[in-house]
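# This is a predicted model, with the sequence first.
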2 protein chains.
Amino acid sequence: MTETTEQYRGKELKALTIGIVGGTGAQGTGLGYRLAKAGFKVVLGSRDGAKAEATAAELGHGISGAGNIECAAQSDLVIIAVPWDSHKDTVTSLKNELAGKIVIDCVNPMGFDAGGAFPLIVEEGSACAQAQGILTESNVVSAFNHVSAVLLADQSLAEVDIDIMVVGDHKPATDLVQQLVDQIAGMRGIYAGKMRNAGQVEALTANLISMNRRYKTHAGVRVLGVN
Amino acid sequence: MTETTEQYRGKELKALTIGIVGGTGAQGTGLGYRLAKAGFKVVLGSRDGAKAEATAAELGHGISGAGNIECAAQSDLVIIAVPWDSHKDTVTSLKNELAGKIVIDCVNPMGFDAGGAFPLIVEEGSACAQAQGILTESNVVSAFNHVSAVLLADQSLAEVDIDIMVVGDHKPATDLVQQLVDQIAGMRGIYAGKMRNAGQVEALTANLISMNRRYKTHAGVRVLGVN
């Protein structure tokens, strides 16, 4: 893939088409809405293409819908927003369509019981690292792990005030993802380390869920000391 | 131990003596300074009691120094701030002196190489869980993992602006630690989940170190959505 952000697929940032695999789930729909509001062309993907089309039509803002494979094929950059249970199979099934592209993984491997949320142990260290292990021809970046689906979907909020930790090994890819995040109203993309440091960023979502429960809120984080 | 914060060792919050085991290290010294400035009686502990006394004398603010065992015995609440390498042995050696007390563990199990910092795998899940497994008569709480030792030590800063994630299974203990954190200028204690969610809070320090390197800063976090 290209080595500098400026040359990514020969397009300006705002000309990129962004696909969201698992785009009819709460996180995917919310991200699609915010990205479309920021001016990107967005394609929601779902195993059920008709469902994706219906969700897209409801959301408006020029968003379209398609099956996951078609969504991945049409898009310049693809966000994986499926449940952890189907993460490995979905990523594997899209390997060809994602080759040469930046892939953003926002999946958090978590379990839930009466005591709340807790991180699952992932053999590869993180969902993001699992995806990178499969998608050998793509550059996988972890981002959007902590943002509340409820806030993303709340159309009464003009901005979603949060910092997005961006983790990955390929600097042109993390740079581009930070720039993409910065386009979304209220958000800021912060470089937060290499792939081997993705697991705890994903797992921290369990702490945010604990905060949500204790404080009846939708917690997020801001990084201090970065201007 | 007592079941409500108000009854903890029969004292008002501000009357507590706080011991810092590993109190001559950067984190321990910085926390001691900030706690003494907040009005607490602070005892720095070290394997070398004379060194602790010398460090305490330099800091002033009524801080005293002692050997680790004496420090733990004298204090109502004890912060463990030793390097990860000596965590298990130090905690084990203080089991009797820490019985019946709240123990704050701020140790982050991390490795460093040319690529930066990365979390170490801890059999018990976290340093905090390791300590709780040993200190069966204490209530162990994780806190102060993310605060920069450089900022703590900078006496030109009247406040250290950061949220402290407080993690643990015993609510009266996490409540008291939150109250203690709230006494330090600029800090806020935020409940962030049960002990099983401590590992990723410790590990997130590797991400903050990655940010420090990229942005030439001393990064911290604020929790959004909690007022």
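The structure has been received and is ready for your questions.
# tell me the contacts of the residue nearest the centre of chain A?
The central residue of chain A, meaning the one whose C-alpha is nearest the mean C-alpha position (C-alpha atoms, centre = their mean), is A:Cys106 at 4.0 Å. By C-beta atoms under 8 Å, 6 or more residues apart in numbering or on different chains, the residues touching A:Cys106 are A:Gln27, A:Leu31, A:Ile79, A:Ile80, A:Ala81, A:Ser142, A:Ala143, A:Phe144, A:Asn145. (C-beta placed from N, C-alpha, C; glycine too.)
# Go again with 6 Å.
A:Ala81, A:Phe144, A:Asn145 (C-beta atoms under 6 Å, 6 or more residues apart in numbering or on different chains).
# And A:Gly189, by the same measure?
Counting by C-beta under 6 Å, 6+ apart, A:Gly189 has contacts A:Ile164, A:Val166, A:Gln178, A:Val181, A:Asp182.
# Could I get the full set of helices for chain A?
Here chain A has its helices, by DSSP state H, at A:26-37, A:49-59, A:68-74, A:87-93, A:95-98, A:127-134, A:149-153, A:171-182, A:199-215.
# Flag every buried residue along the fifth one.
Across helix A:95-98, burial judged by 16 or more other C-beta atoms under 10 Å in any protein chain shown covers A:Glu97, A:Leu98.
# shaky segments in chain A?
A:1-6 (pLDDT under 70).
# residues in it within reach of chain B, list them.
A:118, A:191-193, A:196-197, A:200, A:203-204, A:206-207, A:210-211, A:214-215, A:217-226 (C-beta under 6 Å from any C-beta of the partner chain).
# Now list the buried members of the residues you listed.
Buried among the residues of chain A next to chain B (16+ other C-beta under 10 Å): A:118, A:191-193, A:196-197, A:200, A:203-204, A:206-207, A:210-211, A:214, A:217-226.
# For the closest residue to the residue nearest to the centre of chain A other than its chain neighbours, give its distance to B:Val167.
Nearest non-adjacent residue to A:Cys106, counting by C-beta to C-beta, 6 or more residues apart in numbering or on different chains: A:Phe144, 3.9 Å away. Using C-beta to C-beta, to the nearest Å, we find A:Phe144 at a distance of 24 Å from B:Val167.
# what about the residue nearest to A:Glu124 when sequence neighbours are not counted, neighbour count?
Nearest residue to A:Glu124 in three dimensions, chain neighbours excluded: A:Gln130, at 4.2 Å (C-beta to C-beta, 6+ apart). By other C-beta atoms under 10 Å in any protein chain shown, 22 other residues sit near A:Gln130.
# A:His170: how many residues sit nearby?
A:His170 has 19 nearby residues by other C-beta under 10 Å.
# is it true that it touches A:Ser138?
No: the criterion here is C-beta atoms under 6 Å, and A:His170 misses it with A:Ser138 at 9.6 Å.
# coming back round to it: A:Phe144 and B:Val167: which is more packed in?
B:Val167 (30 against 27).
# was I right about the more buried one contacting B:Ser142?
Yes: taking C-beta under 6 Å as the definition, B:Val167 is a contact partner of B:Ser142 at 4.1 Å.
# can you list residues touching both of those two?
By C-beta under 6 Å, 6+ apart, the residues touching both B:Val167 and B:Ser142 are B:Ala198.
# what bridges to A:Val141?
A:Ile104 (DSSP bridges).
# hang on, it packs against A:Asp175?
No: A:Val141 is beyond contact range of A:Asp175, at 9.8 Å (criterion: C-beta under 6 Å).
# Show me which of those two is the more surrounded one.
A:Val141 (31 against 19).
# Can you name the residues that contact that one?
A:Val141 touches A:Ile104, A:Gly168, A:Ala173, A:Thr174, A:Val177, counting by C-beta under 6 Å, 6+ apart.
# Return the member of the residues you listed nearest to A:Val43.
Nearest to A:Val43 among these is A:Ile104, at 14.0 Å by C-beta to C-beta.
# Neighbours of that closest one, how many?
28.
# got it, and A:Ile121?
A:Ile121: 11 neighbours (other C-beta under 10 Å).
# what does the one 5 residues further on give?
Residues lying near A:Ser126 (other C-beta under 10 Å) number 27.
# And the residue in chain A sticking out farthest from the centre, how far from B:Lys194?
Farthest-out residue of chain A from its mean C-alpha position, per C-alpha atoms, centre = their mean: A:Ala114, at 27.7 Å. A:Ala114 is 11 Å from B:Lys194, where distance means C-beta to C-beta.
# Tell me who's in contact with A:Met211.
A:Ala219, B:Ala192.
# rerun that using 7 Å as the cut-off
A:Thr217, A:Ala219, B:Ile190, B:Tyr191, B:Ala192, B:Val223, B:Val226 (C-beta atoms under 7 Å, 6 or more residues apart in numbering or on different chains).
# This completes my enquiry, with thanks.
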